[in-house]
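J.: need coordinates for the below:
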Amino acid sequence: MKIVVLDGYTLNPGDLTWESLGELGDLIVHERTSENEIVERAVDADVLLTNKVPLSAEVINALPKLKYIGVTATGYNIIDMECTKERNITVTNVPGYSTASVVQLTFSLLLELCYRTQRHSDAVMGGKWSSNPDFCFWDYPLTELSGKTLGIIGFGSIGQKVADVGLAFGMPILASSRTRTDQSHRKNFQWVNREELFAQADIISLHCPLTPETENIINMESLSQMKSSAKLINTSRGGLVNAQDLADALNDERISGAGLDVLATEPPSTDNPLLKAKNCIITPHIAWATKEARFRLMDTVIGNIKAFLQGDPVNVL
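T.: Got it, this is the predicted structure:
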């Protein structure tokens, strides 16, 4: 059996091992693959692994031996699912591996907006504290989270863990989701519709999938409903946010800040308006990428293939 990994670098830039995967078959790992290289590299593959390399119907139909596609991520919009069903190709993903890491970065972005830790550290290293007449100084408004309302859009496993941490900070929770599960065990929690959440939340954190219904939910209209003191966090999907509308709102101080780990196009073009927006912190899609999360991802990818080979596939899409 031939196993081909199309874009292995993001999963394993060298700090993990492919050894266990190689025990399952003849393994070839490519660090990156352009779209015009896919067919040449995968033409003899029985098993194909991809993270962000798209597999269109045209490409899939050019791979006659292909029996299995493993997405080394949770999202699978890069796969033509209709074609895989027609070809009877099993497709799996890896849900839940990065929940703890995404929650951690969610609050890392939020706390940076509240305290501007790096900005103050840079000022100290630059001599500003040494030359200050007082025992302390700050050059940016400092915000305490306790008592601030946290609005969470999307209340799956990640959204619920974000709520847990928010409650530990003393934050009342508002949640909006396509499905409303029983949350009666939570204190200071309320289900609301999206418009109510925009209007009432001090911090809005996005944890919903990108669908036609959620694309650009952060736009001129929704931003106009938010408090001028509101902060937006997005560690979910870049397409949830209209970049120009958010940049305009930040620059006009219609909201107070944004922390983003994802953008609609990645890597972004140099003229993306958010790159120069006021009070906007952007990290390069790293919420999922802790070594611990990637280890779980690798382990599940291998487990998915083993289950498929045993005739009892799991995490099937």
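
J.: and Leu55, how far from Trp138?
T.: 50 Å (Cβ to Cβ, to the nearest Å). In short, each C-beta sits where N, CA and C put it, glycine included.

J.: neighbour count for these two, which is higher?
T.: Leu55 (26 against 11; other Cβ atoms under 10 Å).

J.: not counting sequence-adjacent ones, nearest residue to that one?
T.: Ile79 (5.2 Å; Cβ to Cβ, 6 or more residues apart in numbering).

J.: and Val301, what's its pLDDT?
T.: In this model, Val301 is scored at 98, pLDDT.

J.: and what of Val71?
T.: 98.

J.: so the residue nearest to it when sequence neighbours are not counted versus Val316, what's the distance?
T.: In space, Val71 comes closest to Asn93 once its chain neighbours are excluded; the distance is 4.4 Å by Cβ to Cβ, 6+ apart. Relative to Val316, Asn93 is positioned 9 Å away (Cβ to Cβ).

J.: now Pro267
T.: Distance from Pro267 to Val316, by Cβ to Cβ: 31 Å.

J.: look at Ser130 and tell me its secondary structure.
T.: coil (DSSP: H, G, I helix; E, B strand; the rest coil).

J.: how is this structure partitioned into domains?
T.: Recorded structural domains for the chain (assignment: automatic domain parsing) are 2-95+291-309, 99-282.

J.: tell me how many other residues crowd Arg87.
T.: 15.

J.: what of the one 3 residues further on?
T.: By other Cβ under 10 Å, 18 other residues sit near Thr90.

J.: that one contacts Tyr68, correct?
T.: Yes. Proximity of Thr90 to Tyr68 meets the contact threshold set by Cβ atoms under 8 Å, at 4.9 Å.

J.: joint contacts of those two?
T.: Counting by Cβ atoms under 8 Å, 6 or more residues apart in numbering, the shared contacts of Thr90 and Tyr68 are Phe308.

J.: any idea how far Gly257 lies from Ala243?
T.: 16 Å.

J.: give me the more crowded residue out of the two.
T.: The neighbour comparison of Gly257 against Ala243 (other Cβ under 10 Å) goes to Gly257, with 25 against 21.

J.: show me where the stretch 201-317 of the chain has helices.
T.: Secondary structure of the stretch 201-317 of the chain by DSSP state H, counting those that start in this stretch: the helices cover 220-225, 243-251, 291-309.

J.: what average pLDDT does stretch 239-252 get?
T.: Stretch 239-252 carries an average pLDDT of 98.

J.: distance to Leu49 added to the helices of the stretch 201-317 of the chain, as CSV?
T.: Shown next, in CSV, are the helices of the stretch 201-317 of the chain (distance: least, Cβ to Cβ, whole Å):
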stretch, distance to Leu49
helix 220-225, 37
helix 243-251, 31
helix 291-309, 7
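
J.: please tell me how far Leu210 sits from Glu82.
T.: In terms of Cβ to Cβ, Leu210 sits 19 Å off from Glu82.

J.: of the two, which one has the most company?
T.: Set Leu210 next to Glu82 and count neighbours by other Cβ under 10 Å: Leu210 wins out with 19 against 10.

J.: count of neighbours near Leu142?
T.: 9.

J.: who's in contact with it?
T.: Cys114, Tyr115.

J.: per-residue confidence for it?
T.: 95.

J.: so Arg119 lies in a helix, does it not?
T.: Yes. Applying three-state DSSP, one finds Arg119 inside a helix.

J.: separation between it and Gln190?
T.: Arg119 is 34 Å from Gln190, by Cβ to Cβ.

J.: neighbour-wise, which of those two wins?
T.: Set Arg119 next to Gln190 and count neighbours by other Cβ under 10 Å: Gln190 wins out with 15 against 12.

J.: can you classify the nearest residue to that one once chain neighbours are set aside as helix, strand or coil?
T.: Residue nearest to Gln190 in three dimensions, not counting chain neighbours: Leu174, with 5.5 Å by Cβ to Cβ, 6+ apart. Assigned with three-state DSSP, Leu174 falls in the strand class.

J.: please apply the same query to Val124.
T.: Under three-state DSSP, Val124 comes out as helix.

J.: ok, now how distant is it from Ser131?
T.: 11 Å.

J.: of these two, who's got more company?
T.: Shown here are Val124 and Ser131; by other Cβ under 10 Å, Val124 has more neighbours (12 against 8).

J.: pLDDT wise, what is the closest residue to the more buried one other than its chain neighbours at?
T.: Distances taken as Cβ to Cβ, 6+ apart put Ser130 closest to Val124, at 8.0 Å, once the chain neighbours are dropped. Looking at Ser130, its pLDDT stands at 97.

J.: and for Asn77?
T.: 88.

J.: roughly how far does the spatially most central residue of the chain sit from Pro268?
T.: With distances taken as Cα atoms, centre = their mean, the residue of the chain nearest its centroid is Ser236 (3.8 Å). Between Ser236 and Pro268 the distance is 16 Å, computed by Cβ to Cβ.
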